[in-house]
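Undergrad: sequence and predicted structure, then a few things I'm wondering about:
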Amino acid sequence: MAQAFDSPALAGFVALLVYAAVAKGHPGGFKPSPSNYFSYLADAFLHGQFHLRLLPASTHDLSELTGKIFLYWPPFPAIILIPFVAIWGVNFSDVLFTVVFGAANVAAVSVLLRAAAVRGVARLSRVQRSLMVFFFAFGTVHFTLAPFGRVWFTAQVVGLGCVLLAYWAAIRLRGFPGFVTAGTAMTLAFLTRNHLAFAGLWPAAYLVHSHLRERLGQVDSALVRRLLAAATPVLLGLIFLGLYNSLRFGNPFENGLRFHQVGFEFAKDFARYGAFHPHYVVTNLYYQYIFYPLPLRDGSYWGGGLFWMSPPFLGAFVGLCTRPHWSTWTMAASIILPAVPILLLMGTGFVQWGPRYTLDFTVPLLLLSAKGIRRWPVALFAVLVLISVFNYAYGARHFMRYL
């Protein structure tokens, strides 16, 4: 039983049941969420346009320009939804979609940790891997994002899945396939949430290091070809996004964020500082790394300290001291670089339970933590996992009433 979550199929199936049960317990159940905006964008694509053809019940956080409504989020989740919307229309359940995708993420974490153990990236035992997967599924902010749909949560869950694919490809696949798959996966991550590109530093470094180790440190034409193969989908993704923005706003660098209908809580700061500014750093640091939301009170749904909410992540600090140092510090950089725009961003991710934006760097954080907890007593690790699960199980129960 202690090794159950080391099975990707079983881990994904249990996560699917739990996430579905939480979703069913929400007053909206599996009905489309009030902000299933990606479905509306998929409908627009099906009708050959980039602004919404149909308007959702709420236009909160959408961008308006010249009387047209746009999404400022990158479009990859909407592209995935095109076949479902083609069949069932805009009322296809984004809740169901996100639940299934979230369960697939849990299975992918199990697959990733197996590959990491085989390749020596993080040599955890089966019990440790099982606990780590269980922790990810029910003891991180993923637990309160996967069951509820909504454009913000769906984007993060889909983006995480793309990053998981990139890390797995870098670790598991050899040679040309590894470079191409990792590059493509990181492109899709970038086309879901732009700053996820920064999380691609470690897979890139690992692929290059693996190649050089095979060639005894020699930089050769094969490495150049492989790097070009990995860079090609990235370049195509950048071109696609630039064209997408140009066709919408006449500027390849304009995504519509500055035109979005910001919530009243942030309207004053947005008007003064814009969406990204050092003014927001102190608030974000507090709600993402210091604040503890229990007992429930004002601010409980603004976030939660990452290491209070998910204490197994403390293993990342120990992981920094492990070898090889180039790998650990590149993992750390893959955490820090995506965290910078998150800290500069207006708002903490409101409304949420836990520091939801930290999900964007959870993959390198999981691996670095796995390296750190390797020599911890299993009992200690299990206790920390249970604390995390309590934090998020309690939160999921109460958070759904607030949505």
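TA: Everything's here; your move.

Undergrad: need the three-state assignment for Leu294.
TA: Of the three states, Leu294 takes coil according to DSSP: H, G, I helix; E, B strand; the rest coil.

Undergrad: need the pLDDT of it.
TA: According to the prediction, Leu294 has pLDDT 91.

Undergrad: any idea how far Asp61 is from it?
TA: In this view, Leu294 and Asp61 are 28 Å apart by CB to CB, to the nearest Å. To be clear about C-beta, it is placed using only N, CA and C from the backbone, and glycine gets the same treatment.

Undergrad: these two: who's more crowded?
TA: A count of neighbours by other CB atoms under 10 Å puts Asp61 above the other of Leu294 and Asp61, at 17 against 14.

Undergrad: torsion angles phi and psi at the more buried one?
TA: Dihedral pair for Asp61: phi 80, psi 0, per degrees, to the nearest 10.

Undergrad: now swap in Glu64 and tell me
TA: Per degrees, to the nearest 10, the backbone of Glu64 is at phi -120, psi 130.

Undergrad: so it sits against Val262, correct?
TA: No - assessed by CB atoms under 8 Å, Glu64 is found out of contact with Val262, at 11.5 Å.

Undergrad: can you pick out the residue with more neighbours from the two?
TA: Val262 (19 against 14).

Undergrad: elements contacting the longest helix seen in the chain?
TA: As assigned by DSSP state H, the longest helix anywhere in the chain is helix 221-249. Judged by 3 or more CB pairs under 8 Å, 6 or more residues apart in numbering; DSSP states H and E, helix 221-249 is in contact with helix 175-190, helix 201-214.

Undergrad: what distance do you get for the spatially most central residue of the chain to Pro32?
TA: By CA atoms, centre = their mean, the chain has its centre lying nearest to Leu160, at 3.2 Å. Relative to Pro32, Leu160 is positioned 22 Å away (CB to CB).

Undergrad: do the same with Arg172
TA: 36 Å.

Undergrad: those two: which has the busier surroundings?
TA: Ranked by neighbour count (other CB under 10 Å), Arg172 and Pro32 place Pro32 first, with 23 against 17.

Undergrad: got a list of what Ala222 touches?
TA: Going by CB atoms under 8 Å, 6 or more residues apart in numbering, Ala222 touches 211, 215.

Undergrad: could you rerun that using 7 Å?
TA: For Ala222, no contacting residues are found, by CB atoms under 7 Å, 6 or more residues apart in numbering.

Undergrad: do you know the pLDDT at it?
TA: 88.

Undergrad: over to Gln352?
TA: Gln352 carries a pLDDT score of 89 in this model.

Undergrad: all strands for the protein, in order.
TA: Counting by DSSP state E, the chain has strands at residues 63-65, 68-70.

Undergrad: could you redo those as CSV and give each row distance to Phe198 and mean pLDDT?
TA: Shown next, in CSV, are the strands of the chain (distance: least, CB to CB, whole Å; pLDDT from 0 to 100):
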stretch, distance to Phe198, mean pLDDT
strand 63-65, 24, 93
strand 68-70, 25, 96
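
Undergrad: most tightly surrounded among those?
TA: strand 68-70 (a mean of 19; mean count of other CB atoms under 10 Å).

Undergrad: flag the shaky bits of the protein, pLDDT-wise.
TA: Residues of the chain meeting the criterion pLDDT under 70: 1-2, 216-217.

Undergrad: ok, 80 please
TA: Under the criterion pLDDT under 80, the flagged ranges of the chain are 1-2, 215-220, 263-264, 350, 399-403.

Undergrad: what comes into contact with stretch 345-352?
TA: 265-266, 269-270, 275-276, 280, 283-284, 287-288, 301-303, 356-357, 402-403.

Undergrad: and these, which of them are buried?
TA: Buried members of the contacts of stretch 345-352, counted by 16 or more other CB atoms under 10 Å: 269-270, 275, 280, 283-284, 287-288, 301-303, 356-357, 403.

Undergrad: looking at these, which is nearest Leu238?
TA: Closest approach to Leu238 among these (CB to CB): Ala275, at 20.7 Å.
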